[in-house]
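Student: Using only what follows, build the 3D model:
(chains A and B)
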Amino acid sequence: GENVEQHPSTLSVQEGDSAVIKCTYSDSASNYFPWYKQELGKRPQLIIDIRSNVGEKKDQRIAVTLNKTAKHFSLHITETQPEDSAVYFCAASDNDMRFGAGTRLTVKP
Amino acid sequence: SAVISQKPSRDICQRGTSLTIQCQVDSQVTMMFWYRQQPGQSLTLIATANQGSEATYESGFVIDKFPISRPNLTFSTLTVSNMSPEDSSIYLCSVSTGYVGETQYFGPGTRLLVL
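Tutor: All right, here's what the predicted structure looks like:
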């Protein structure tokens, strides 16, 4: 089955800096790659997703890139703000969605 | 996206008892899923709840321990049976408005503590 690895497990950046979170997946059949943000005590919220026929997608300050050959995808957050502090999960899906272990992002003001 | 509610939001239970968690969606959805999230951990899929058929369980989860119902396209229940402290966790339902592998949206979760 699918195995998703996510790095780093924790990330601390200064406000205004960029943050990058990377994930790799094992199943070449996976074709959908969402990213979720989970604030403390809240539900995971979808923030951006990408499908296998696209290499990059951007939505304001966040972007996701996908390299299908290397089987890895990344989340990029630019101009980080304290409210970006949360745990971020990547996922890869073919028939089943598998989640990475999560990255705890802290943005220091 | 769909509006998803769960009941109860939290509960404290005694070992050996059972708790049924309800998940309600404001629109008909094809796929419903149940996840478990241990504190500080990732999301682990328990099972996929299929309307009109048996739930499909992931490795390590069995129907006797986590029976699931899906009576219609807007509702599902997960029962945690014969609970032990190891079952203490957050249980989340998730829905997909499309087919398998499509975007999933999560309910608010049920925080369960077993004493």
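
Student: what's the closest non-adjacent residue to B:R10?
Tutor: Sequence neighbours aside, B:R111 is the residue nearest to B:R10 in space, at 4.1 Å (criterion: C-beta to C-beta, 6 or more residues apart in numbering or on different chains). Backbone N, C-alpha and C define where each C-beta goes, glycine included.

Student: Please settle this for me: is the one you found part of a strand?
Tutor: Yes: counting by DSSP: H, G, I helix; E, B strand; the rest coil, B:R111 is part of a strand.

Student: mind listing what it touches?
Tutor: Shown in contact with B:R111 (C-beta atoms under 8 Å, 6 or more residues apart in numbering or on different chains): B:9-11, B:90.

Student: same thing but at 7 Å, please
Tutor: Each residue near B:R111 by C-beta atoms under 7 Å, 6 or more residues apart in numbering or on different chains is listed here: B:9-10, B:90.

Student: Pairing partners for the most centrally placed residue in chain B in the sheet, please.
Tutor: Taking C-alpha atoms, centre = their mean, the centroid of chain B lies closest to B:W34, which sits 3.2 Å from it. Going by DSSP bridges, B:W34 is paired in beta bridges with B:A47, B:C93.

Student: measure it to chain A for me?
Tutor: B:W34 sits 13 Å away from chain A, going by C-beta to the nearest C-beta, to the nearest Å.

Student: pretty sure that residue contacts B:T48?
Tutor: No: applying C-beta atoms under 7 Å as the test, B:W34 and B:T48 come out as separate, 8.1 Å apart.

Student: quick one on the thing from earlier: ok, the residue nearest to the centre of chain B - contacts?
Tutor: B:46-47, B:49, B:68, B:78, B:91, B:93.

Student: now that we have the residues you listed, which one has the most neighbours?
Tutor: B:C93 (29 neighbours; other C-beta atoms under 10 Å in any protein chain shown).

Student: Could you list the low-confidence segments of chain B?
Tutor: Filtered on pLDDT under 70, chain B yields the residue ranges B:98-101.
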